[in-house]
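Novice: A predicted structure for the sequence below; I have some questions about it.
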Amino acid sequence: MKRLLLLVLVSVFVVFTAGKVFASDSKIGFVDIQKVFTESEQGKKAKETLDSYVKSHQVKIDEKEKAIEKAKEELEKKSSVLSEDAKKKKQDDLQSMVREYKRLASEAQDEVRKREQEITKDIFKSVKELVLTIGKEEKYSAILDNSMVIYSDSAADITDKIIKKLNEKKK
């Protein structure tokens, strides 16, 4: 019985000691990717580019919307004096304008989404390269996206280091 108790105690000691030895050799960091995108120079420039791209499409969409509103008001005002054929023609024209508006808005949305993916992909590639470099140079066992981390000591956060290196890389 004493032997069994001694064996259990030694086993428990080995398990806990091995865990601490492994943990002390591990170095884990995390990166707030969203913060990198919003605070790095590359991310800020990408946001400006995307905002400009969105605005250029929005101008075209707004013009179409105004034309539809104008045609709608004109139809409502002249509806009582127009013949049925003329009224039908105006309604068909209005529906055609609405379809064109929806098509234009949908295409613009798709183009913006594609552009955003391209920009994001480029920045993410740069961030990934930096994370790999820092991970190897500073001997990290793992570097995680902070969205996967429930708790971490702030010393494990390498986000600011990534932002700084990303900004230096683009100069």
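Specialist: Structure received. Bear in mind that the values here come from a model prediction, so they are computed numbers and not experimental data.

Novice: Give me the contact list for stretch 149-158.
Specialist: Contacts with stretch 149-158, where a contact means C-beta atoms under 8 Å, 6 or more residues apart in numbering, come from 28-32, 131, 134, 143, 146. Placement of C-beta: from N, CA and C, glycine included.

Novice: Would you state the helices of the chain in chain order?
Specialist: 2-25, 33-39, 41-78, 84-137, 159-169 (DSSP state H).

Novice: pLDDT weak spots in the chain?
Specialist: 1-24, 170-171 (pLDDT under 70).

Novice: hmm, back to that, including mean neighbour count and distance to residue 150, could the helices of the chain go into a markdown table?
Specialist: Converted to a markdown table, those look like this (neighbours: other C-beta atoms under 10 Å; distance: least, C-beta to C-beta, whole Å):
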| stretch | mean neighbour count | distance to residue 150 |
| --- | --- | --- |
| helix 2-25 | 9 | 17 |
| helix 33-39 | 17 | 17 |
| helix 41-78 | 13 | 25 |
| helix 84-137 | 14 | 20 |
| helix 159-169 | 17 | 17 |
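
Novice: Put the buried members of the contacts of stretch 149-158 into a PyMOL selection.
Specialist: A single PyMOL command suffices to select whichever of the contacts of stretch 149-158 are buried according to 16 or more other C-beta atoms under 10 Å:
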select buried, resi 29+30+31+32+131+134+143+146
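
Novice: among the contacts of stretch 149-158, which are in strands?
Specialist: Here DSSP state E is the test, and the contacts of stretch 149-158 give 28-31, 143 as lying in strands.

Novice: with these in mind, which one is nearest to residue 97?
Specialist: residue 31 (48.0 Å; C-beta to C-beta).

Novice: mind checking the backbone torsions on residue 140?
Specialist: phi -80, psi 140 (degrees, to the nearest 10).

Novice: Hmm, it is touching residue 25, no?
Specialist: No. If you go by C-beta atoms under 8 Å, residue 140 and residue 25 don't touch, sitting 11.6 Å apart.

Novice: Give me the distance between residue 96 and residue 44.
Specialist: Using C-beta to C-beta, to the nearest Å, one gets 41 Å for the distance from residue 96 to residue 44.

Novice: What distance do you get for residue 148 to residue 155?
Specialist: 18 Å.

Novice: Equivalent analysis for residue 78, please.
Specialist: For residue 78, the distance to residue 155 (C-beta to C-beta) stands at 73 Å.

Novice: Residue 113 too?
Specialist: 38 Å.
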